[in-house]
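> Below is the structure, and that's it, no one-letter string:
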C-alpha cells in the first residue's frame, strides 16, 4: 500500500484523449508509466481513468460532448465500474508535480515580483539570467522569487533609480565580485555603498572601488549634504549614498558569483539592455529593433519571442505582441508566463473568450499561478460570471495573501458579498 501513495497510478489503466496543453501525449504517457500506470490507445473494458487533454477539451468534462461521453461509458459497460474522467489539470494536481509553496515560504511570479520590488520585469528576468537573482523554483520556463530575492531586487533597483544605468551597475558588481573572490578571507561586516554613480565596498579598511583601489577619504564626511526643507539632509547629485547592512545578501551573492568567475549568462534568459537610458526614459523603439536583430542572428527562441512581445506590448503594438506571444507558445507550449501575458493582450483586443482560454491554459499547466487567477477573476467579472470570479479571487488571496493586488481582491469579494472573505488571511498576519 505504501507504494500506491508514492505511485498513485500503480496498477491503473489510463486512456488519453485529445491534444494536451501542457505536454505531448507521448510525454504524458511516459509520466503515467513512471507513476506505475499503463496507457492504452483506446477505451475498452478495464480502463480506470480517461484523461482529457485541455487543448481539445479546455473545460475538461464540460467540453466533452454528451454523445462522446455516453459512447465511452457504453464501451466499458461489461465491467463493474465506470472509468473516471479527469481534466489534464486535475492529473497534474493529483500527481503533485507543481508546488509553489515550500513550508511557510511564499514564491511569486515575475509580474507580482515586479510590483513588490518596483523593478521592471525585463530587468528582473535579465538579473536572473546573470545570477544576481536566484529563483526559488521554476515552473517550466517561468521563474518564481521568494521575499529574500525580491528584497535583493529592490536594492538593485534602488541603485538604478538613484542614477546608475543597468549596464554600468552590472559591470561594477562584476568587478566587485571578482575582487571579493580574490581575497583569501573577507570580513562579514562589509557592505555595498553607493556614492554618486559608483558602487564601493565598505569595511574596516575603508572604501574599495570596482577596480580594487582603496580610497583614503573619510566615509563619515557629511559636508556634501545640503539642508533639507523638511528638516533632514538632502545630498548633492555627486554624493548620493546608500548601503547594505552588515553581512549583506548582496555581498554574499557577489562572493558566490566571483568564485564562479563573474556574472553568469544563463542561455540568454536575460535579453538585451537596449533601450535603458538616463533617468526613467526607456527607448522602446531602440529596444524593439535590438531584440529583432538578436532574433534574426540567433534564430527564434521562446525567451526571445517573449522578450520581443513584452516590448511590443509596451509600445502599444498589441497585434504584433499577440503574434510574438503565440510564437513563443508554438516553440514551447509549457511557457506559463507567455500564456498569461497572451491572455492580457487578447483581453485588451476584445477577444475575451480567447483570453479566458489563455488564462485557463496557464492554470491548467500551473494551478498555483496567482497572477493567472487574478486576471481570470477580473475577466470573469466582466463576462458576468460572478460565482466563477469569486473562486479565482479566493484562489489568488490564498496563494498571495500579501501580494500587491490583495487588497483589491478583498474589496472585490466584499462587493460580491462572499461569506468566505472574512476567513481569508489578513496582510501581515
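Noted; the coordinates are in hand. These figures come from a predicted structure and were not determined experimentally. Numbers count the residues shown, from 1 in each chain.
> Who's the closest spatial neighbour of the residue nearest to the spatial centre of the chain, skipping the chain neighbours?
Nearest to the mean C-alpha position of the chain, counting by C-alpha atoms, centre = their mean, stands residue 109 at 2.9 Å. Leaving out its chain neighbours, the residue that sits closest to residue 109 by C-beta to C-beta, 6 or more residues apart in numbering is residue 371, at 4.9 Å. Backbone N, C-alpha and C define where each C-beta goes, glycine included.
> give the contact list for that neighbour.
Residues in contact with residue 371 (C-beta atoms under 8 Å, 6 or more residues apart in numbering) are 109, 111, 112, 340.
> tell me the contacts of the third one?
The one in question is residue 112. 370, 371, 400, 403, 404, 405.
> Which of these fall in helices?
Judged by DSSP state H, the contacts of residue 112 include 370, 371 as members of helices.
> Out of the contacts of residue 112, which is nearest to residue 330?
residue 371 (21.8 Å; C-beta to C-beta).
> Give me the pLDDT for the closest one.
With respect to pLDDT, residue 371 scores 88.
> Kindly report the same for residue 167.
Model confidence at residue 167 (pLDDT) stands at 83.
> burial measure for it, as a count.
Per other C-beta atoms under 10 Å, the neighbour tally for residue 167 reads 11.
> Please verify my assumption that the residue nearest to the centre of the chain contacts residue 337.
Yes - counting by C-beta atoms under 8 Å, residue 337 is a contact partner of residue 109 at 6.8 Å.
> quick one: common contacting residues for those two?
With C-beta under 8 Å, 6+ apart as the test, residue 109 and residue 337 both reach residue 142.
> need the next SSE after the helix or strand encompassing residue 112, C-terminal direction.
Secondary structure assignment for residue 112, by DSSP states H and E: helix 110-117. Helices and strands here follow DSSP H and E; after helix 110-117, the next one along the chain is helix 121-130.
> hmm, back to that, relative to helix 121-130, how tilted is the helix holding residue 112?
Here helix 110-117 points in a direction 100 degrees away from that of helix 121-130 (axes from the mean of the first three to the mean of the last three C-alpha atoms, to 10 degrees).
> quick one: average confidence on helix 110-117?
On average, helix 110-117 scores 81.
> Just checking the distance from that helix to the centre of its chain.
9 Å (C-alpha atoms, centre = their mean, to the nearest Å).
> What residues are bridge-paired with residue 202?
Beta bridges link residue 202 to residue 191, residue 207 when assigned by DSSP bridges.
> hang on, isn't it packed against residue 194?
No - under the criterion of C-beta under 8 Å, residue 202 makes no contact with residue 194, lying 10.2 Å away.
> Surely residue 306 touches residue 325?
Yes - assessed by C-beta under 8 Å, residue 306 is found in contact with residue 325 at 7.1 Å.
> Spit out the residues that contact those two alike.
Joint contacts of residue 306 and residue 325 (C-beta under 8 Å, 6+ apart) are 338, 341.
> Run a quick neighbour tally on the residue nearest to residue 255 when sequence neighbours are not counted.
Closest residue to residue 255 apart from its sequence neighbours, by C-beta to C-beta, 6+ apart: residue 180 at 4.9 Å. Using other C-beta under 10 Å, residue 180 is surrounded by 21 other residues.
> Residue 14 versus residue 180, what's the distance?
53 Å (C-beta to C-beta, to the nearest Å).
> on that earlier part again, quick one: pLDDT of the residue nearest to residue 255?
79.
> coming back round to it: the residue nearest to the centre of the chain bridge partners, please.
Applying DSSP bridges, one finds that residue 109 bridges with residue 144.
> Just list the residues touching it, thanks.
The contact partners of residue 109, taken as C-beta under 8 Å, 6+ apart, are 142, 144, 337, 340, 369, 370, 371.
> hmm, 7 Å instead?
Residue 109 makes contact with 142, 144, 337, 369, 370, 371 under the criterion C-beta atoms under 7 Å, 6 or more residues apart in numbering.
> Residue 372 too?
Contacts of residue 372 by C-beta under 7 Å, 6+ apart are 340, 359, 362, 363.
> what's the spacing between it and residue 135?
18 Å.
> ok so, going back, farthest-apart pair in the contacts of residue 371, please.
112 and 340 (10.9 Å).
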